[in-house]
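>>> this is a predicted model, with the sequence first.
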Amino acid sequence: MELVVSTNNANMDSGLLDEEECIQLAIELIYAAEQLLPAGTGEIQHNLSVEREKLGGD
């Protein structure tokens, strides 16, 4: 599997990963995104948290 993350400013390509590694990387990226969000973005933070939990993150 491969995980590709793109923003307006950057692209990140994980290279080839097995399924477990890809899921773990996705969980870590979602967690990092949650930490970077400014105050007042509760709905976005909640949605990210729900997706992280679906992937098996705490």
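Good, I have the coordinates. Residues are numbered from 1 along each chain as shown.

>>> spatially central residue for this structure, please.
Ile30 (2.6 Å; C-alpha atoms, centre = their mean).

>>> ok, it - contacts?
Neighbour list for Ile30: Leu48, Glu51, Arg52, Leu55, Gly57 [criterion: C-beta atoms under 8 Å, 6 or more residues apart in numbering]. Placement of C-beta: from N, CA and C, glycine included.

>>> what's the local residue count around the second one?
For Glu51, the number of neighbouring residues by other C-beta atoms under 10 Å comes to 14.

>>> could you find the closest non-adjacent residue to it?
Excluding the flanking residues, the one nearest Glu51 by C-beta to C-beta, 6 or more residues apart in numbering is Ile30, at 6.0 Å.

>>> next one: phi and psi at the one you found?
Backbone torsions of Ile30, given as degrees, to the nearest 10, read phi -60, psi -40.

>>> mind checking how far it is from Lys54?
Noted for Ile30: a distance of 10 Å to Lys54, by C-beta to C-beta, to the nearest Å.

>>> do Glu34 as well
Distance from Glu34 to Lys54, by C-beta to C-beta: 14 Å.

>>> more neighbours, these two?
Glu34 (16 against 10).

>>> OK, contacts around the closest residue to that one other than its chain neighbours?
Leaving out its chain neighbours, the residue that sits closest to Glu34 by C-beta to C-beta, 6+ apart is Leu48, at 5.0 Å. Counting by C-beta under 8 Å, 6+ apart, Leu48 touches Ile30, Ala33, Glu34, Leu37.

>>> the last one: what's it in contact with?
Contacts for Leu37 were tallied using C-beta under 8 Å, 6+ apart; they are Ile44, Gln45, Leu48.

>>> isn't Leu29 right next to Ser6, touching?
No: using C-beta atoms under 8 Å, Leu29 makes no contact with Ser6, being 12.0 Å away.

>>> which of those two has more neighbours?
Per other C-beta under 10 Å, whichever of Leu29 and Ser6 has more neighbours is Leu29, with 16 against 9.
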